[in-house]
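J.: The sequence and its predicted three-dimensional model are supplied below.
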Amino acid sequence: MQVDKNMINEKCKKKKIIVVVGPTSSGKTSLAVKLAEHFNGEIISADSRQVYIGMDLGTGKEGDSVSINLPDLGPQSARVIHGIPQFLIDVATPLETYTVADFQKQALTLIDNFANRGKIPIIVGGTNLYIQALVEGFSIPVTDQRELTIRQELELLPSGEILDKLKVLDQVSFEKINHQNLRRIIRALSVTMATSIPFSYQQKKSGSNFDTIYFGNDLPRQELYQKIDKRVDDRIGNGMIEEVQSLIDSGIPKERLISFGLEYRYITLYLTNEIPSKEEMIEKLKYAIHAYARRQLTWLKNRTPVIWVKNEHQAISQTAKFLAK
RNA sequence: GCCGGGGUGGCGGAGCGGUCAAUCGCACCUGACUGUAAAUCAGGCGGCCUAGUGUCUACGGGAGUUCGAAUCUCUCCCCCGGCA
């Protein structure tokens, strides 16, 4: 009984955060801005590509680019829409590697800062891993130079050898991760080797640090695809190809751009003639984005309790209840 | 009109007498996911059901040959190229 009471107190102490998720092109940003306006919030972007400076059209950054001086934290780059700032945009160069762990740390810092200023944190973005890591408090296995070196060495080995090693050192990961998925197999092995602790034992959750409500815009699949296609056409018209060209010109390696996926991948392939025609590139890009949207939905479907809304009014009334409780 | 080539699943495209409900690619559907995650990877994909070495309808239409046809023959329809 006493335990129960503590748990309730604990729960009440948790910070409330609002999270807007959903597939690309589903209108997350505008929903988030509406909620922020309505409930005195500020936005943290959870988008693994919008963090990069100079990748604007291709990632769909919106609003005016500004620098905001936050107490204790100093100047922060942000984009402002209708007076609402969005943080964690333009925080790294495309040559730097920005990871979930960076996001987790920076978002946590910002949430504290928001709390001090009486702002409700609204997390919006398509990178579901980032959101889950933040909300559920993933303790992410350490990566240091040693681990990176081991990883690079492993990448040169034949897959059979890599699998044999993993089987010996971390049976759980060996069984859990699909053997074709070398990227994840190698990461599990390199962490295990670098730390001498099986990767699978290190994937802990500290539990939810927050009292969280999730929203997503509910859209029929066909309508989603149409919006995606239109958005691609519009952005091409607005100079997205030129943006990628200028990234190439500024010295970002083609392989790096290709590794970003979607617009950066397909446009780079077109600019380097690996995809000969513009029409073909655009078609492939659209289909790739459809597939990406499906992956996002799969993720959410099986692990996130999303309230799917038809319009912002539904989200606003649900949020009002959530904040009042 | 004549001479060639061709009509296969939502699309592209294999198959050219049996092991074909039909290789493969695309679209589409489903799933995995803890320091690259817009990444990386896996499965499904004619209908039906008691879900199976089950059943039905299928390779432009029709008629044949054959134990057996998407595969051979005839005929009709339609496309493409050449000659008129």
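T.: Now that the structure is in, tell me what you want to look at.
J.: Not counting sequence-adjacent ones, nearest residue to residue A:281?
T.: Nearest residue to residue A:281 in three dimensions, chain neighbours excluded: residue A:270, at 4.0 Å (CB to CB, 6 or more residues apart in numbering). In short, each C-beta sits where N, CA and C put it, glycine included.
J.: quick check, distance from whichever strand or helix holds that neighbour to the centre of its chain.
T.: Using DSSP states H and E, residue A:270 maps to helix A:262-271. Distance, stretch centre to chain centre, for helix A:262-271: 20 Å (CA atoms, centre = their mean, to the nearest Å).
J.: and the closest residue to RNA strand B within the stretch 201-325 of chain A, how many neighbours?
T.: Residue nearest to RNA strand B within the stretch 201-325 of chain A (CB to the nearest atom of the strand): residue A:261, separated by 2.1 Å. Residues contacting residue A:261 under the criterion other CB atoms under 10 Å number 14.
J.: check contacts around it.
T.: A:288, A:292 (CB atoms under 8 Å, 6 or more residues apart in numbering).
J.: Kindly report the same for the one 10 residues further on.
T.: By CB under 8 Å, 6+ apart, the contact set of residue A:271 is A:241, A:244-245, A:248.
J.: Any residues of the stretch 151-300 of chain A in contact with RNA strand B? List them.
T.: A:151, A:178, A:180-184, A:186-187, A:191, A:203-205, A:221, A:225, A:259-265, A:284, A:287-288, A:290-292, A:294-299 (CB under 7 Å from any atom of the strand).
J.: Check those for burial and list the buried ones.
T.: Neighbour counting by 16 or more other CB atoms under 10 Å classes A:151, A:182, A:186-187, A:191, A:225, A:260, A:262-265, A:288, A:290, A:292, A:296-297, A:299 among those as buried.
J.: Mark which of those residues are part of helices, please.
T.: Using DSSP state H, A:151, A:182, A:186-187, A:191, A:225, A:262-265, A:288, A:290, A:292, A:296-297, A:299 are the members of these that sit in helices.
J.: Any regions of the stretch 1-150 of chain A where pLDDT drops low?
T.: Counting by pLDDT under 70, the stretch 1-150 of chain A contains low-confidence ranges at A:1-12.
J.: Up against RNA strand B, what does it have?
T.: Residues of the stretch 1-150 of chain A lying near RNA strand B (CB under 7 Å from any atom of the strand): A:47-50, A:55, A:58-60, A:97-102, A:126-130, A:133, A:138-143.
J.: Report the buried members of these.
T.: Neighbour counting over those (16+ other CB under 10 Å) leaves A:47-50, A:55, A:58-60, A:98-102, A:126-128, A:130, A:133, A:138, A:141, A:143 as the buried ones.
J.: Can you name the residues that contact the residue most central in space within chain A?
T.: What sits nearest the mean C-alpha location of chain A, by CA atoms, centre = their mean, is residue A:127, with 2.3 Å. Contacts for residue A:127 (CB under 8 Å, 6+ apart) come out as A:46-48, A:103.
J.: Residue A:37 too?
T.: So, once contact is read as CB under 8 Å, 6+ apart, residue A:37 ends up touching A:82-84.
J.: For it, which three-state class applies?
T.: helix (DSSP: H, G, I helix; E, B strand; the rest coil).
J.: Which stretches in the stretch 101-250 of chain A count as helices?
T.: All helices of the stretch 101-250 of chain A, identified by DSSP state H, counting those that start in this stretch, fall at A:128-135, A:145-154, A:159-169, A:171-176, A:182-195, A:199-202, A:221-237, A:240-249.
J.: Residue A:28: which of these is closest?
T.: Closest approach to residue A:28 among the helices of the stretch 101-250 of chain A is made by helix A:128-135 (11.2 Å; CB to CB).
J.: re earlier: in PyMOL, how would I select the buried members of the contacts of residue A:37?
T.: A single PyMOL command selects the buried members of the contacts of residue A:37 (16+ other CB under 10 Å):
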select buried, chain A and resi 84
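J.: Narrow the contacts of residue A:37 to those in strands?
T.: Among the contacts of residue A:37, the residues falling in strands (DSSP state E) are residue A:84.
J.: Identify, from the contacts of residue A:37, the entry nearest to RNA strand B.
T.: residue A:84 (19.5 Å).
J.: give the contact list for the nearest residue to that closest one once chain neighbours are set aside.
T.: Leaving aside its sequence neighbours, residue A:84 sits nearest to residue A:36 (CB to CB, 6+ apart; 4.4 Å). Shown in contact with residue A:36 (CB under 8 Å, 6+ apart): A:42-43, A:84, A:120, A:122.
J.: Between these, which sits nearest residue A:324?
T.: Nearest to residue A:324 out of these is residue A:120 (CB to CB; 12.5 Å).
J.: I'd assumed residue A:44 was in contact with the closest one.
T.: No - between residue A:120 and residue A:44 there is no contact under CB atoms under 8 Å: 11.1 Å.
J.: between these two, who's got more neighbours?
T.: Taking neighbours as other CB under 10 Å, residue A:120 and residue A:44 compare with residue A:44 leading, 30 against 21.
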